[in-house]
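Student: Next input, structure requested:
(2 chains)
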2 protein chains.
Amino acid sequence: MSILGIADATVASLVRPLTDPQHDRDAVAERFARATWTAIVEPGDGVAGAVVAALGAEAALAALLDDRAGRLLLHALDEHGVELDPGELDDGIARWTPRISKSDALLALRQGARFALSLVVPGDPDWPAALDDLGVHAPLALWLRGDRSALGSLGRAVAIVGARAATGYGEHVTIELASGLADRGYAIVSGAAYGIDGAAHRAALASRADTVAFLAGGLDRFYPSGHEALLGRIVEHGAAISEVPCGVAPTKWRFLQRNRCIAAAGLATVVVEAGARSGSLNTAGHAAALGRPLGAVPGPVTSSASAGCHRLLREYDAVCVTTADEIAELAPLPEAAHPTVERADQEGIRPAADPTGTRIRLLDALAPRSPRTPEKIAALSGLAVDRVRAELGLLALDGAVRERGGGWVRAAP
Amino acid sequence: MSILGIADATVASLVRPLTDPQHDRDAVAERFARATWTAIVEPGDGVAGAVVAALGAEAALAALLDDRAGRLLLHALDEHGVELDPGELDDGIARWTPRISKSDALLALRQGARFALSLVVPGDPDWPAALDDLGVHAPLALWLRGDRSALGSLGRAVAIVGARAATGYGEHVTIELASGLADRGYAIVSGAAYGIDGAAHRAALASRADTVAFLAGGLDRFYPSGHEALLGRIVEHGAAISEVPCGVAPTKWRFLQRNRCIAAAGLATVVVEAGARSGSLNTAGHAAALGRPLGAVPGPVTSSASAGCHRLLREYDAVCVTTADEIAELAPLPEAAHPTVERADQEGIRPAADPTGTRIRLLDALAPRSPRTPEKIAALSGLAVDRVRAELGLLALDGAVRERGGGWVRAAP
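Tutor: Take a look at the predicted model:
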């Protein structure tokens, strides 16, 4: 509020706290700042998570706008007893500042209001507590399209994910399992992708069960476009959720980060079909890292669409699940029994180094034909310009990028 | 020798020790006694294993023929420092004595000679050391039909087993895996049953790899009869092995015990397809009990022929294997690496109580129509008459057997 102001009445409803009928000015400002942060950081940015957790979104944003941001934030963190490596903090500030734009933030909010999104922030009574298991990597806020009450179903949800290139077998089994779980009172979380994800949502809708889709891009556009009708039904009977605001494209990095939310939101994650390099293995990895039970559905060893599931069984200690009953055993409903879910070992408030993530985000921000400047790449990827320059050099050595016409392009694979 | 004498020149070759060109009288007598023991005990009789291990086959047999067998054996065991529960020993003596028959033993040997069997006993240079992991439950001797040198291949053998009611998928995968293992220098052990077993042997034969079939009955008759041609090829290029002499029928109990030999003979056991109650799960159980690596091949969850494999993955910590390479990783060849096989925790020299075994053996010895006396049942099952009477009473309470015309019949299920 004090920073950007609410210039527009259309966005007021979006930032009005649920629990505060008096529209407490501080609460509104905090929500507004949270929404702004979702436009500044890439999903899963642990340094931002640590800063916002310690100072609050508004105070952190105010400090960030100051020229002495580094010193201010470090001092404030210190006062809150949070230790953060100054280098990591500087890197964070360098990533975030190129993206601070009052007009962009307002545009995102206006678009949100136009699409009747809800803004859900930590502390809201329906904030999905399961996401807090992500620690500093938890979303700073969620954008939700559809029925906000679907959030309540996440406490009894199973994540069913899998290959986009699913086989008839995979889709058949997905429908069997998702319907069986729906009959037992479970909600279904997935990613609305083609193949297994879509079959899982469809089965849930057909069984009139709650279903929630986590999307990698902004909720103004449904992705994939071929699932526009399906997502329309999902938001009618359940909800679509994203941690990025309207206008933000789904990139590879955002898909990978979206997967961590799916894994965290489910009592367990079940992979039905997955090729040897399927993105759903990433979701499975997040589930395992969070200590969430991980199930894999076997299939014919002659089917490459099951190779990833078999790898999960072989190498990642996934539990072999073949029926809804076996999944229910893996993820007991809280009413029936306390889920034996171990919390992830959260390594304090310091995010883990993630060089691979940097690389993916940088490549996401490059085009194969039109050259982009490091500054443009920094803004698109949410990385600091210095970091972008250094990584571009390394990637060029690997032959992954090429310099052309004063900018950089992605090299053909 | 001193007990039964070698009444027949035809059997002399069978009991002549391999390592002893002088036909040492004691060695011949010991082999002869081992052969006789195989006709007296049911496979896996741990009390017999303990007695024979401590005293030697001939001395144990001599003591058994004495009226004071119990006292003599207990005294002798004590001298050898072996503790055995007197009750268990008495039970053993009561099981064995009804079966001691000089004429039966000689008949078995003569039949063995007629079918050109070899008799392999512990201490022979080609005795498969892997079977010693069975402890007191190890076979007392092996009858072998075919190429005795195939025994040498057991040190690099994988056991591939599975459902008789295999699907086209299961047979296809079996052939792929067995051929792949054969190409990598492995031998294939199995049970020559219909379905997976047969496919495994066939693939090994087609790849000119060594293959060994463990049979549950005497080697004078090939079982199943539909695999007579296949077993003919197995004994031509490899070997068929049994621990019971000629003339002994394959019963359910003997199948279960045969499975322990398959599990012990392989560096690892791989189950390709298995229904929820398949006998190959028993083989898998033996492999796990012996600490042998256990692999299970997944299949469609919609196929009941894979349900047992999925159970092994879910409940028994079997490793999911989908290629010959993954099996090779599970069971490295001794040349390439020392197999990381843990020896079974052998609980000293005392056999475990096995009431289920008694029941199965007793039911094996009953017919559905013609009544049999407890004495007849005792001889057929290798159980003591008193034990037979007691068990019949319990089984009658369960409705599993009925008394009729002075004898007992198996009740219709």
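Student: For the rest of this, base every contact and every neighbour count on C-alpha atoms.
Tutor: OK.
Student: Report the contact partners of residue A:202.
Tutor: A:175, A:230 (CA atoms under 8 Å, 6 or more residues apart in numbering or on different chains).
Student: likewise residue A:40?
Tutor: A:96, A:97, A:99, A:100, A:382.
Student: farthest pair in these?
Tutor: The span of these, defined through CA to CA, is set by A:100 and A:382 at 10.5 Å.
Student: More neighbours: which of the two?
Tutor: The neighbour comparison of residue A:100 against residue A:382 (other CA atoms under 10 Å in any protein chain shown) goes to residue A:382, with 27 against 19.
Student: Quick check: that one touching residue A:99?
Tutor: Yes - applying CA atoms under 8 Å, one finds residue A:382 in contact with residue A:99, separated by 7.1 Å.
Student: And the contacts of residue A:40, which is the shakiest by pLDDT?
Tutor: Ranked by pLDDT, the contacts of residue A:40 bottom out at residue A:382 (74).
Student: How about that one, nearest residue that isn't a chain neighbour?
Tutor: Spatial nearest neighbour of residue A:382, chain neighbours left out: residue A:95 (5.2 Å); criterion: CA to CA, 6 or more residues apart in numbering or on different chains.
Student: what packs against the helix or strand hosting that neighbour?
Tutor: Secondary structure assigned from DSSP states H and E places residue A:95 in helix A:86-96. When contacts are defined as 3 or more CA pairs under 8 Å, 6 or more residues apart in numbering or on different chains; DSSP states H and E, helix A:86-96 packs onto helix A:46-55, helix A:69-79.
Student: mind pulling up the phi and psi values for the residue lying closest to residue A:215 once chain neighbours are set aside?
Tutor: In this structure, residue A:215 finds its nearest non-sequential neighbour in residue A:242, 5.2 Å apart by CA to CA, 6+ apart. Backbone torsions of residue A:242, given as degrees, to the nearest 10, read phi -140, psi 150.
Student: Please give me every residue in contact with residue A:242.
Tutor: By CA under 8 Å, 6+ apart, the neighbours of residue A:242 are A:142, A:143, A:144, A:214, A:215, A:216, A:217, A:218, A:219, A:258.
Student: Before we move on, what's the pLDDT of it?
Tutor: Note on residue A:242: pLDDT of 98.
Student: What's opposite it in the beta bridge?
Tutor: Using DSSP bridges, the bridge partners assigned to residue A:242 are residue A:143.
Student: For residue B:139, see how far away it is.
Tutor: For residue A:242, the distance to residue B:139 equals 65 Å [CA to CA, to the nearest Å].
Student: what does chain A have sitting close to chain B?
Tutor: When proximity is defined as CA under 8 Å from any CA of the partner chain, chain A approaches chain B at A:173, A:297-302, A:310, A:313-314, A:319-322.
Student: Using PDB, list the CA coordinates for whichever helix or strand residue A:307 is part of.
Tutor: For residue A:307, the element it lies in under DSSP H and E is helix A:307-315. In PDB, the C-alpha atoms belonging to helix A:307-315 read as follows (Å, rounded to 0.1, in the frame of the first residue of the first chain):
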ATOM      1  CA  ALA A 307       9.900 -47.200 -18.000                       C
ATOM      2  CA  GLY A 308       9.900 -44.200 -15.600                       C
ATOM      3  CA  CYS A 309       7.600 -45.900 -13.200                       C
ATOM      4  CA  HIS A 310       9.800 -49.000 -13.100                       C
ATOM      5  CA  ARG A 311      12.800 -46.700 -12.500                       C
ATOM      6  CA  LEU A 312      11.000 -45.300  -9.500                       C
ATOM      7  CA  LEU A 313      10.300 -48.800  -8.200                       C
ATOM      8  CA  ARG A 314      13.900 -49.900  -8.800                       C
ATOM      9  CA  GLU A 315      15.900 -46.900  -7.800                       C
END
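Student: which strands and helices sit next to that helix?
Tutor: strand A:294-296, strand B:319-320.
Student: so what does the first one touch, helix or strand wise?
Tutor: Spelled out, it's strand A:294-296. strand A:268-271, helix A:280-289, helix A:307-315, strand A:319-320.
Student: Now render the ones you listed as CSV, adding mean neighbour count and mean pLDDT.
Tutor: Shown next, in CSV, are the helices and strands packed on strand A:294-296 (neighbours: other CA atoms under 10 Å in any protein chain shown; pLDDT from 0 to 100):
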stretch, mean neighbour count, mean pLDDT
strand A:268-271, 30, 98
helix A:280-289, 24, 94
helix A:307-315, 24, 96
strand A:319-320, 26, 98
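Student: OK, contacts around residue A:98?
Tutor: By CA under 8 Å, 6+ apart, the residues touching residue A:98 are A:378, A:379, A:382, A:384.
Student: err, residue A:191, not the other one
Tutor: By CA under 8 Å, 6+ apart, residue A:191 lies in contact with A:161, A:197, A:198, A:213, A:214, A:215, A:259, A:262.
Student: what's the farthest-apart pair in those residues?
Tutor: Maximum distance among these (CA to CA): 15.0 Å, for A:198 and A:259.
Student: Contact partners for the residue nearest to residue A:382?
Tutor: By CA under 8 Å, 6+ apart, the contact set of residue A:95 is A:41, A:378, A:379, A:382, A:383, A:384, A:385.
Student: and for stretch A:206-215, what are the contacting residues?
Tutor: Residues contacting stretch A:206-215 (CA under 8 Å, 6+ apart): A:150-151, A:153, A:179, A:182-183, A:185-192, A:201, A:204-205, A:223, A:234, A:237-242, A:250, A:255, A:258, A:261-262.
Student: Distance of the spatially most central residue of chain A relative to chain B?
Tutor: A centroid search over chain A (CA atoms, centre = their mean) returns residue A:258, at 3.0 Å, as the residue closest to the centre. Look at residue A:258 and chain B: by CA to the nearest CA, to the nearest Å, they are 29 Å apart.
Student: from what I can see that residue touches residue A:193, true?
Tutor: No - contact criterion CA under 8 Å: residue A:258 and residue A:193 do not qualify, at 11.9 Å.
Student: Enumerate the positions of stretch A:76-86 that are buried.
Tutor: Going by neighbour count (16 or more other CA atoms under 10 Å in any protein chain shown), the buried part of stretch A:76-86 is A:76, A:77, A:82, A:84.
Student: which one of those is nearest chain B?
Tutor: residue A:84 (42.1 Å; CA to the nearest CA).
Student: Tell me which stretches of the stretch 301-413 of chain A form strands.
Tutor: A:319-320, A:401-404, A:407-410 (DSSP state E, counting those that start in this stretch).
Student: Tell me which of these sits most buried.
Tutor: Ranked by mean neighbour count, these are led by strand A:319-320 with a mean of 26 (mean count of other CA atoms under 10 Å in any protein chain shown).
Student: Which elements pack onto it?
Tutor: Counting contacts by 3+ CA pairs under 8 Å, 6+ apart, strand A:319-320 is packed against strand A:294-296, helix B:307-315.
Student: would you turn those into JSON lines with distance to residue B:291?
Tutor: Formatted as JSON lines, these follow (distance: least, CA to CA, whole Å):
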{"stretch": "strand A:294-296", "distance to residue B:291": "25"}
{"stretch": "helix B:307-315", "distance to residue B:291": "15"}
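Student: Good, wrapping up.
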